[in-house]
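Participant: Here's a sequence, model it:
(one chain, ligands or ions: 2)
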Amino acid sequence: MSESPVLLNKHEVERLLTYDDLIPRLESVMGKFSKRDSSEIIQPVRSVVPIQQHSGFLGVMPAYLAAEGILCTKIVTFYQRAEGSSLPSTQATVLLFHPEHGHVTAIMDGEAITAKRTAAVSAISAKLFKPALSEVLCILGSGQQARSHYDVFTKLFKFKEVTSMKTGNTSKSFKMCFCVCDPVLYTLQVRVWSRRKEMAQRFVNDLQDPVTVCSSVKEAVIGADVIVTATGASQPILFGEWVKPGAHIAAVGACRPDWRELDDVLMREAVVYVDSREGATAESGDIILSGVCITFHQYNIADLSHHRHTYSTPKSLFSQAEVFAELGEVLNGSFPARREKTTVFKSLGNLFFHSCDPKIKNKMF
Ligand SMILES: NC(=O)C1=CN([C@@H]2O[C@H](COP(=O)(O)OP(=O)(O)OC[C@H]3O[C@@H](n4cnc5c(N)ncnc54)[C@H](O)[C@@H]3O)[C@@H](O)[C@H]2O)C=CC1
Ligand SMILES: O=C([O-])C1=[NH+]CCC1
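Facilitator: Ligands and ions are numbered 1, 2, ... in the order given. The predicted structure follows:
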């Protein structure tokens, strides 16, 4: 009989899964995933069961990494919760299997995995696409994802080095000036917006460093270099006309085909990157619904008497946003990072198997 599976609770997963390990591992597996070599990685688009009476969903996300001997699945539920609900809106469990014998070897809390994985992938997108000089980070939402994004973004991008300074600068964004021509360090300014201002205030109260609470999305995003959208919104909340040209948006919410966080203008004008092309086509309302509100199609149909007629039905004045590349395709060198443009990274969370990282596996044996 097979041994009992190892159980890893949220606290243990949080301790074992560090951003320092997670980020390079994710970069490597995303690059491999985008090569679609099924002898290396198999991960189909997740299956999702709607739980209509309770505004929720159950997702099953299996994956197999042959070379690393990782066979696993995440089981996740996500709900649209009322503001201030004490229940988490995303909950998950990750199961690891013995690839040869098929028994379960580990059962891990997936909430911490989901929070850290998602934020780490967004941070990788920001490393690749954010403007070279990024001083203002804006976070829309104040929940679990907002917090993990705050943690990793401020860890990675807190201080920016400017090497070309000739004189000391008195601008308030500069924190220290060692001496003329030395690198100058300045603090990243962080702004946060949430539907209810007190929720944003509560978010900020838990943090060490100063963060500005904004009263509107517009106020929060104007002039921002990097914007994270991590809300449960199902209608656009971020409008392209407010977004600074060249900014980078990590769009984390709106993971259903009929949910959106970003408007058509932004989706059309930005260069759009995704975690998985198939996932984006099946699940991203920001992509699927962009440009479809005003539609007219013209097509010819041979009728029964063999005369061709032109039929007019709604046709797109604006076509659907196009996916430019997967993050993995940039990481593996197949597509460029168009940092000079406004960029959107539309995250759906299809990649999670990095969480079964060697440290967690070591813990099991
Ligand atoms: N891309 C990915 O890999 C993942 C995406 N998600 C999605 O990210 C979003 C945030 O997830 P969590 O932080 O776990 O949720 P949460 O419940 O902890 O936080 C949700 C935030 O969105 C706000 N919000 C809810 N409805 C809103 C609306 N209609 N308009 C504006 N703000 C609204 C809430 O005030 C709260 O600040 C959800 O849509 C979730 O499904 C979650 C996990 C992974
Ligand atoms: O990757 C994930 O676990 C999820 N993505 C969207 C909701 C849950």
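
Participant: so residue 242 sits right up against residue 223, yeah?
Facilitator: No. The pair residue 242 and residue 223 does not pass the contact test of CB atoms under 8 Å, sitting 9.4 Å apart. All C-beta spots, glycine's among them, are computed from the backbone N, C-alpha and C.

Participant: more crowded one of these two?
Facilitator: Neighbours were counted for residue 242 and for residue 223 using other CB atoms under 10 Å; residue 242 has more, 20 against 15.

Participant: For the stretch 251-365 of the chain, which segments count as helices?
Facilitator: Applying DSSP state H, counting those that start in this stretch to the stretch 251-365 of the chain gives helices spanning 264-269, 277-283, 285-288, 327-331, 358-364.

Participant: Any idea which of those gets closest to residue 25?
Facilitator: helix 358-364 (8.3 Å; CB to CB).

Participant: elements contacting the helix or strand encompassing residue 106?
Facilitator: Element membership of residue 106, judged by DSSP states H and E, is strand 104-109. With contacts taken as 3 or more CB pairs under 8 Å, 6 or more residues apart in numbering; DSSP states H and E, strand 104-109 sits against strand 6-8, helix 10-16, strand 90-97, helix 358-364.

Participant: I'd like the average pLDDT over the second one.
Facilitator: This points to helix 10-16. On average, the pLDDT along helix 10-16 is 91.

Participant: List the buried residues of it.
Facilitator: Residues of helix 10-16 classed as buried: 12, 13, 14, 16 (neighbour count, 16 or more other CB atoms under 10 Å).

Participant: ok, the last one touching residue 8?
Facilitator: In other words, residue 16. Yes. Look at residue 16 against residue 8 with CB under 8 Å: they come within range, at 7.3 Å.

Participant: which residues of the stretch 101-250 of the chain fall in strands?
Facilitator: Counting by DSSP state E, counting those that start in this stretch, the stretch 101-250 of the chain has these strands, from start to end: 104-109, 136-140, 159-162, 174-177, 184-187, 189-193, 212-213, 226-229, 248-251.

Participant: Make a markdown table out of these and add distance to ligand 2 and mean neighbour count.
Facilitator: As requested, the strands of the stretch 101-250 of the chain are exported to a markdown table (distance: least, CB to the nearest ligand atom, whole Å; neighbours: other CB atoms under 10 Å):
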| stretch | distance to ligand 2 | mean neighbour count |
| --- | --- | --- |
| strand 104-109 | 13 | 20 |
| strand 136-140 | 16 | 26 |
| strand 159-162 | 30 | 14 |
| strand 174-177 | 36 | 14 |
| strand 184-187 | 31 | 18 |
| strand 189-193 | 21 | 22 |
| strand 212-213 | 26 | 18 |
| strand 226-229 | 13 | 28 |
| strand 248-251 | 12 | 30 |
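
Participant: closest to ligand 1 out of those?
Facilitator: strand 136-140 (7.3 Å; CB to the nearest ligand atom).

Participant: what helices or strands is that closest one leaning on?
Facilitator: helix 144-157, strand 189-193, helix 217-221, strand 226-229.

Participant: burial of whatever residue of the chain ends up closest to ligand 2, as a residue count?
Facilitator: Per CB to the nearest ligand atom, residue 349 is where the chain lies closest to ligand 2, at 2.3 Å. Applying other CB under 10 Å, we find 24 other residues in the vicinity of residue 349.
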